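J.: predicted model follows, preceded by the sequence.
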Amino acid sequence: MSGLFISFEGPDGAGKTTVLEAVTKTVGAQLGDQLLVTREPGGNQISEAIRDIILNPENTEMDPRTEALLYAAARRQHLTETILPALRQGKVVLCDRYVDSSVAYQGAGRQIGEQAVYDMNTFATNGLLPDLTLYFDVPSEVGIARIKAHRQDDVDRLDQEALAFHKLVRAGYLRLRDAYPERITTVDATQPLNTVIQTATDLVNQAIANR
Ligand SMILES: Nc1ncnc2c1ncn2[C@@H]1O[C@H](COP(=O)(O)OP(=O)(O)O)[C@@H](O)[C@H]1O
Ligand SMILES: Cc1cn([C@H]2C[C@H](O)[C@@H](COP(=O)(O)OP(=O)(O)O)O2)c(=O)[nH]c1=O
């Protein structure tokens, strides 16, 4: 059985992490150790260490290209150490964020160029893209309101960014969705949580059945 690589994407507050947890329970019950759930930036010791540098609220002076390079470095390590071995073993890999996050956040949000960030990530990943990407779409105001309402204790450097930044990020995601319609499936994340979870679970199960 061949492996399957699915990424979860979306702006902050889209509900990705919550939905991924729920999907993991359902799909994990069927697949057992044939399911690997992981996240970026992180997933192994080196990548988690890079994550700590990027997301440390004290690192306010970080240059946007430095940030993009660090994300790509963490991604490379995560890919070679965690994702590729699992895929080679035929596992289903669900990954919270991947290349699209860098294109949307660094390329579009920080305005260093979506194509440049994409190209840099092609080097980091040898061009490996997910078989399927679930993009959880939510207007920026809704995403930010959710974070403010629920995550006051967990506001990191990126969550403090202005609404304008989040709007640029979402616009970047929408361009990616239009550019890669075969890979990226949009989930309307303004729907009630249970509906979003059901939709995402169905899409993941469908991809598993079709692999
Ligand atoms: N569809 C939804 N409707 C209402 N609230 C939601 C929905 N999805 C997620 N939330 C809430 O929004 C907050 C942010 O969700 P989270 O999963 O952390 O988002 P993300 O990982 O995409 O940043 C959480 O408190 C979560 O319970
Ligand atoms: C993977 C990745 C994440 N990010 C950002 C998006 C998030 O704001 C942050 C990840 O923090 P995290 O706490 O994992 O946020 P979320 O629950 O929304 O996924 O890092 C980038 O800017 N570029 C990237 O390539």
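T.: Thanks, I have it. Numbers count the residues shown, from 1 in each chain. Ligands and ions are numbered 1, 2, ... in the order given.
J.: right, and ligand 2 sits closest to which residue of this structure?
T.: In the chain, the residue that lies nearest ligand 2 is residue 105 (3.0 Å; C-beta to the nearest ligand atom). For glycine as for every other residue, the C-beta is placed from the backbone atoms N, C-alpha and C.
J.: that residue contacts residue 169, correct?
T.: Yes - with contacts counted by C-beta atoms under 8 Å, residue 105 reaches residue 169, the gap being 5.5 Å.
J.: need the contact list for residue 101.
T.: Residue 101 makes contacts with 9, 40, 71, as judged by C-beta atoms under 8 Å, 6 or more residues apart in numbering.
J.: now with 7 Å?
T.: By C-beta atoms under 7 Å, 6 or more residues apart in numbering, the contact set of residue 101 is 9, 40.
J.: okay, it: pLDDT?
T.: Residue 101 is assigned a predicted lDDT (pLDDT) of 98.
J.: now do the SS call for it.
T.: Secondary structure for residue 101, judged by DSSP: H, G, I helix; E, B strand; the rest coil, is helix.
J.: tally of neighbours for the residue of the chain closest to ligand 2?
T.: 26 (other C-beta atoms under 10 Å).
J.: by contact count, what packs against the least confident helix or strand in the chain by mean pLDDT?
T.: Sorting the helices and strands of the chain by mean pLDDT, DSSP states H and E puts helix 140-150 at the bottom, at a mean of 86. When contacts are defined as 3 or more C-beta pairs under 7 Å, 6 or more residues apart in numbering; DSSP states H and E, helix 140-150 sits against helix 163-179.
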